[in-house]
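**Student:** coords please:
(2 chains)
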Amino acid sequence: MSSVLPVIYLIDDDEAVRQGLALLLSTVGMQVQAHANADSFLLRFDPEQPGAILLDVRMPGGSGMSLLDRLMAMNVTQPVIILTGHATVDLCRRAFKSGATEFLEKPVDDEVLIDTLQKALKTHLLQKSRKEAERTAQERFARLSAREREVLELLVAGLTNREIGRALDLSPRTVEVHRAHLAEKLEAETLAQLVRQYAPLVEG
Amino acid sequence: MPMRHLFRNRTRSPAWLAAWLACAAGGIGWLCHWDYQAQRRLFETDSRIAHRLLTQRTVQHDTILATLAAVGAEDARCAPSARAQIMRIYPQITDVLCSRMEPSWDENLLTAEAASRRSGHAQVAGGELSRGRYWLVQAGERDSWALLIDMRQMIPRTEWPTAPLQVQLRDASSSMLLQPGELTEATWQMNFSKHLSSGSQPFDLLIRRGFAWSDLPLAAIAFWSVLSGLIVAAAHTARRQAVERRRAESLLRLRRAERLNTLGELSAGVAHELNQPLTAILANCQAARRLLGMEKGDVQAAEAALGHAIAQAKRASAVINRLRGLVEQRQQEQPARPVVLGDAVRRALHLLEPELQQRHTAPVHVEESSPVTVRADPVALDQILHNLLLNALQAMDGMPVASRRLRIQIASGRHDAVLRIADNGPGIPAQALPRLFEPFYTTREDGLGLGLTLCETLAGNMGCTIGAANGTAGGAEFSLHFSRMEEEMAA
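**Tutor:** Numbering: from 1, shown residues only, chains lettered A, B, ... in the order given. This is a model prediction of the structure:
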């Protein structure tokens, strides 16, 4: 159900605030999903969906702070931005300690809000894609045979086919065959790509 | 007053009563002990005097007998003139006999004579002490002599102690009461017992003195009871006043803290209530601007956003109105009534006593030619004066203690009355003067900027104007102008 576009989850008990902020964010093309309380949000929240969470901390039926704690316990990767009408130093400290990414005061200026959300989304998406790349690499690496892993290890170390053949007691021709197989399995087109993506896995 | 009443009920009288009883009992015990010791010393002195006098008497008897033995009997009648003279001089000697005077010199005397001859000094004949008299016999070379002594007469009245002593003389078998004393009503007894220092008349002297309840120092006891009662009562009162004062002070502090807390809660509540619509207004307005700024401006959507903003602005306004209604409901105005300005100032100064003391400010004198009466809401007036006086005191905090001057002046004209409160602090900065009564405007770091605003509102409500200026000699001067009606002029 995940869409490519990031979703901003807006949680605030005040209908007018939800409407206003949703409208404002829609003007810059952001997709907004507004919720009046924590329960309705948790019901529809998709941890796989890239996005950000905009949370008011003063809400009836469990304050925003306890929702923040719950999200952190769920290991949510989406950035959580706290929005509050009465910021105190104490509240601010608690929010950051609990894992909030940013702390904004109501009423919030459009520039500040949009800028903050965009930065948070950018960081989030970058982390997300990096993690995904890592996972794919691991999956592909798992497909290699033991001999192919040995060949890859020596390739990454900078040895030529001939040198690898001598080291593993293989003919250069056989090394060439292994090399073609592993490049295919790892979906790498050049040697440089191979080294960049798989050196950490080989060494680890 | 109900608080005062409650407080009085709470004082623990039994503890104070016990304290008084302990104090009185301790003092009385010491008084009795001291008095008894004095009586005891007096008794012992008296007893020693009595012992010395009685011993002297016995020695006197020995001397008379020795003289008689030396003189001897002139004839068978045994010197009747000498004997008569002895009996005249010494009233305790009721008879004098010599051994020639038979048959009067009887068996009893003969036995004593023989004993005297053996011992070499006079001897008491027979044991007849209980009859109040005894014979004393001295054996001589030619004649022996005997004296009959009336024991009751042995006491020399001139030198004898006046205290009511019971005096007894005893020998081995019998005793004689020389003086009865007053022992019947006595509760306690003091005793003195000593042997008479006489070889011839070896009697024991026993002296007793009774000590009754009435001998206790009753006047001193009564005086001490009353005095200790007064001391304890004074301590009680002082303590109660101290407690009451501390209580009043802490109440004052408490109320101040409470007010600040309420204010904090209120401002947090107001902030939340107003921030919600403000957030919506801001978001909608900014969204509208963005919508209109787009290449294909979406006018309809912008209009809808502005409609939302307008509705939220109205909501914010309603919040403020509701809040004001809430506050006004609580502060019910009291109707104006005649108030003596000087009294109101003194009341406010009394409440500020702790602040005055804390700042070591001298008692403040209120300058008024005659009592000025104005129409005012007494509670509001108290509040205004409290604020203005406290401001004046705080304004002088930077001044040396000795040079701090707080002047309060009350003057009345034909149609108005003015109350002036002047300090000699740094005065009001020129740029602050026109904004002084604005809400949330303050020159103090920790000030809320509401005190003077409140004063102005309260003053306005009762038709009085408040003014601020800098005095000609430096310092700030606040004034309250009251207009006076005809009826008050008459009052």
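**Student:** tell me the domain boundaries of chain B?
**Tutor:** B:12-215, B:218-330, B:337-490 (automatic domain parsing).
**Student:** let me redo that: chain A
**Tutor:** According to automatic domain parsing, the domains of chain A span A:7-135, A:143-203.
**Student:** Enumerate the residues of chain A near chain B.
**Tutor:** Neighbours of chain B within chain A, by C-beta under 8 Å from any C-beta of the partner chain: A:14, A:16-17, A:19-21, A:23-24, A:26-28, A:58, A:85-86, A:106-110. C-betas here are computed from N, CA, C, even on glycine.
**Student:** could you list every residue that touches the most centrally placed residue in chain A?
**Tutor:** In chain A, the C-alpha nearest the mean C-alpha coordinate belongs to A:Lys128, at 2.3 Å (C-alpha atoms, centre = their mean). Residues counted as contacts of A:Lys128 (C-beta atoms under 8 Å, 6 or more residues apart in numbering or on different chains) are A:Pro50, A:Thr77.
**Student:** So it versus chain B, what's the distance?
**Tutor:** 28 Å (C-beta to the nearest C-beta, to the nearest Å).
**Student:** sec struct for that residue, please.
**Tutor:** Applying DSSP: H, G, I helix; E, B strand; the rest coil to A:Lys128 yields a three-state assignment of helix.
**Student:** Could you pull out the strands in the stretch 301-450 of chain B for me?
**Tutor:** B:337-340, B:366-368, B:373-376, B:406-412, B:416-423 (DSSP state E, counting those that start in this stretch).
**Student:** Out of those strands, flag the one nearest B:Glu445.
**Tutor:** strand B:416-423 (18.8 Å; C-beta to C-beta).
**Student:** got the contact list for that closest one?
**Tutor:** B:341, B:345, B:372, B:374, B:385, B:388-389, B:392-393, B:395-396, B:404-412, B:471, B:475-484.
**Student:** highest average neighbour count across the strands of the stretch 301-450 of chain B?
**Tutor:** Comparing these by mean neighbour count (mean count of other C-beta atoms under 10 Å in any protein chain shown), strand B:373-376 ranks first with a mean of 22.
**Student:** Okay, now the sheet partners of it, with direction.
**Tutor:** Paired neighbours of strand B:373-376 in the sheet (DSSP bridges): strand B:337-340 (antiparallel).
**Student:** Only C-alpha atoms, please: export the partner strand in PDB.
**Tutor:** Output in PDB follows, covering the C-alpha atoms of strand B:337-340 (Å, rounded to 0.1, in the frame of the first residue of the first chain):
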ATOM      1  CA  ARG B 337     -18.900  54.000  50.500                       C
ATOM      2  CA  PRO B 338     -17.300  56.700  52.600                       C
ATOM      3  CA  VAL B 339     -13.700  55.900  53.500                       C
ATOM      4  CA  VAL B 340     -11.200  57.900  55.500                       C
END
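**Student:** and A:Arg196, how many neighbours?
**Tutor:** Number of residues near A:Arg196 (other C-beta atoms under 10 Å in any protein chain shown) recorded here: 12.
**Student:** where in chain A is pLDDT low?
**Tutor:** Applying pLDDT under 70 to chain A flags the ranges A:1-3, A:59-63, A:203-204.
**Student:** please redo it, this time with the cut-off set to 50
**Tutor:** A:1, A:61 (pLDDT under 50).
**Student:** Report the contact partners of the residue in it sticking out farthest from the centre.
**Tutor:** Within chain A, the residue lying farthest from the chain centre (C-alpha atoms, centre = their mean) is A:Ser171, at 44.2 Å. Shown in contact with A:Ser171 (C-beta under 8 Å, 6+ apart): A:Gly165.
**Student:** All set now, cheers.
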